[in-house]
Structures are given as C-alpha cells and as structure tokens.
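Novice: just the structure for this:
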Amino acid sequence: MNKVTLIGTITRSPEFRNNNGLDILEMTVGGERREGDKSFPFYGRVNVLGKRVASIQSAGLAQGDAVLVEGTLEQNSWETEGGEKRSALRIKGMNVQKLSGNFETEQDQSGGLRMKGGRNLVQLSGHLGQDAEVRQTDKGPVGDLRLAVTESWTDKDGERQEKTHWVTVTVWRELAERAEGLRKGTPVYIEGALVNDSWTDKEGNKRNTQKVEACDLQVLQRFSKPADSKPTDSKPSGSARPEVVRSAGSQGAAGAAPSDEDMPF
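Specialist: Reported below is the predicted structural model:
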C-alpha cells in the first residue's frame, strides 16, 4: 500500500511546464495538523503528470486555493554538479480537486499561504530495509525506520516494471519500544503524517527533507508456503495477523515551506 491524502492550501501559484511532450504540474500544498492542543505546519510537494494536468489547468488553480490531493509517495533521485547523490520524496498526484467554501489561511515565514487545519494522512506497507535502531532522548525513545515500498506497473510494451521507494519513518515512545526488536525484511504497515525536517550538513549548508511520522504500526505476518507444494502452483496461505501499536506524534515542522527537499543516500 502506498497512499497519501492531503487537504490544504496551495502555498504559491502552481508551475506548469512541458518536458519532451509530457505535461508537468508542480505545486506545494500546506496546512496544519493538530496533536492535542498543539498544531504543526505541514507541506507536501506534489507532481502531476500527463493528461491530468490539462484538467487542473482548466480549473484555474492559484495561490491560496484549498485543494484535496490524493496520490502516492515517490522517491526521486539525482546527482549534484559536484557528483553527490541526492534523493527526495514527492507526492505523485493522482487526483487533485478544488474545495468549495471559505478556509482560513496563514502566511508563513517565506510568504507562502497554508491552511489553518487540513488533513495529512499517509498509509504505507512494505519491508524494513535494515534492522530498527532505537535511541533514548529527553522526549522518550525514538527510532528511524527505513521502509522499502515497491511500486509495480506494466509499461507500454507490456513488460512488468518495478521500482522501490525508500521512506524514512520516525517512531516515538510506545511505537519505538515495539519497533526495537524488528529486523531487516520484516513486513509492516505504517500510518502517519508527512513531516518536514531540516539539518545542517558538514559544509554548513541547510538541508531539508520529508519523512513520515508514524502514529500506527502494524507488524504483518509473512505468508508461508505449504511444505508439499510446488513453486509453479503454490498459493499464499495463512493470513496477516497484525500487531497494533499506536503513539501520538511528538515533533513539529518548519514554519515555512521547504525551499529545497533533499536527502543524502
């Protein structure tokens, strides 16, 4: 599973371009998610490709418009001029709808508009790319999981294609304690929210990235094969037995839309 749902405000006017015949729309959607009596800003970078772009153009979307975005998380990779590999998460928009009604907005530190409120939901299932490592902080135990989410499709030539998207998932407190025993290859389901994170690299440059902060972790049971079955006619047996742990999120996001969203491998 790979699903993202955002309700928020277009922070700045969308950018439309055409790359070798492919229509591309790029925009950032911002809002605020609430945790108890606190609210934390969120921003999602959204790319829309192909035929869907024309319908969005006809809607005349502009800065400050409230929208519903449904899509998937997608990992984009590139190499800098200095030869350094970079990677960033984007939302591949499958459905973008303008919302009717009046929505209160707030101007952030960089002059963008974000919705006061909104929705920020991420649902992922995949396998851990490495053993979970949990550390202690003054806010309780925390860990970062590297989740491999595989996307598969059939290309125009009828060939089966696959791409793995690597997503960093932060788990806090009860979730971190539960995740501490998880090993590489463990299948899990994660539910949470997109959060923006920033740091300063060794050259003193400010970096921004996105990850998922989990509020729900389910450890899935692996499917097993009957001992006397043949590989050619075997079918999955057993059922997914989820172990559910929930935890409230605990960290805020930046007060402005990230100017650059990248993460070193």
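Novice: can you show me the helices along the stretch 151-265 of the chain?
Specialist: 173-179 (DSSP state H, counting those that start in this stretch).
Novice: residue ranges of the strands in it, please?
Specialist: 160-172, 187-200, 206-219, 243-246, 263-264 (DSSP state E, counting those that start in this stretch).
Novice: Glu26: which of those is closest?
Specialist: Glu26 lies closest to strand 206-219 among the strands of the stretch 151-265 of the chain, at 14.8 Å (CB to CB). Quick note: C-beta positions are derived from backbone N, CA and C, even for glycine.
Novice: and that closest one, which residues are buried?
Specialist: 207-215, 217-219 (16 or more other CB atoms under 10 Å).
Novice: also stretch 150-165?
Specialist: Buried residues in stretch 150-165, counting neighbours by 16+ other CB under 10 Å, are found at His165.
Novice: number of residues surrounding Ile56?
Specialist: 20 (other CB atoms under 10 Å).
Novice: what's near enough to touch the residue nearest the centre of the chain?
Specialist: In the chain, the residue lying closest to the centroid (CA atoms, centre = their mean) is Leu73, at 4.8 Å. By CB atoms under 8 Å, 6 or more residues apart in numbering, the residues touching Leu73 are 2, 4, 89-92, 122, 124, 149, 165, 167.
Novice: now, which of those sits nearest Ala193?
Specialist: Proximity of the contacts of Leu73 to Ala193 (CB to CB) peaks at Val122, which lies at 6.2 Å.
Novice: residues contacting the closest one?
Specialist: Taking CB under 8 Å, 6+ apart, we find Val122 in contact with 3-4, 73, 190-194, 212.
Novice: do the same with Glu162
Specialist: With CB under 8 Å, 6+ apart, Glu162 has these contacts: 150-152.
Novice: one more time with 10 Å
Specialist: Each residue near Glu162 by CB atoms under 10 Å, 6 or more residues apart in numbering is listed here: 150-153.
Novice: quick one: it from Glu151, how far?
Specialist: Note on Glu162: its distance to Glu151, by CB to CB, to the nearest Å, is 7 Å.
Novice: before we move on, what about Thr11?
Specialist: With CB to CB as the criterion, Thr11 and Glu151 are 27 Å apart.
Novice: now swap in Ala54 and tell me
Specialist: 24 Å.
Novice: now do Met1
Specialist: Counting by CB to CB, the gap from Met1 to Glu151 is 11 Å.
Novice: that older thread, what separates the residue nearest to the centre of the chain from Gly158, distance-wise?
Specialist: Going from Leu73 to Gly158 by CB to CB gives 26 Å.
Novice: I'd assumed Gln97 was in contact with Thr5.
Specialist: No - using CB atoms under 10 Å as the test, Thr5 is too far from Gln97 to be in contact (11.4 Å).
Novice: identify the contacts common to those two.
Specialist: Joint contacts of Thr5 and Gln97 (CB under 10 Å, 6+ apart) are 68-70.
Novice: by neighbour count, which of the residues you listed wins?
Specialist: Val69 (22 neighbours).
Novice: pLDDT score for that one?
Specialist: Listed pLDDT for Val69 reads 97.
Novice: what's the closest non-adjacent residue to it?
Specialist: Leu6 (4.4 Å; CB to CB, 6 or more residues apart in numbering).
Novice: next, the buried residues of whichever strand or helix holds the one you found.
Specialist: Applying DSSP states H and E as the criterion places Leu6 in strand 2-10. By neighbour count on 16+ other CB under 10 Å, the buried set for strand 2-10 is 2, 4, 6-10.
Novice: parallel or antiparallel, list what pairs with that strand.
Specialist: strand 22-35 (antiparallel), strand 66-79 (antiparallel), strand 119-128 (antiparallel) (DSSP bridges).
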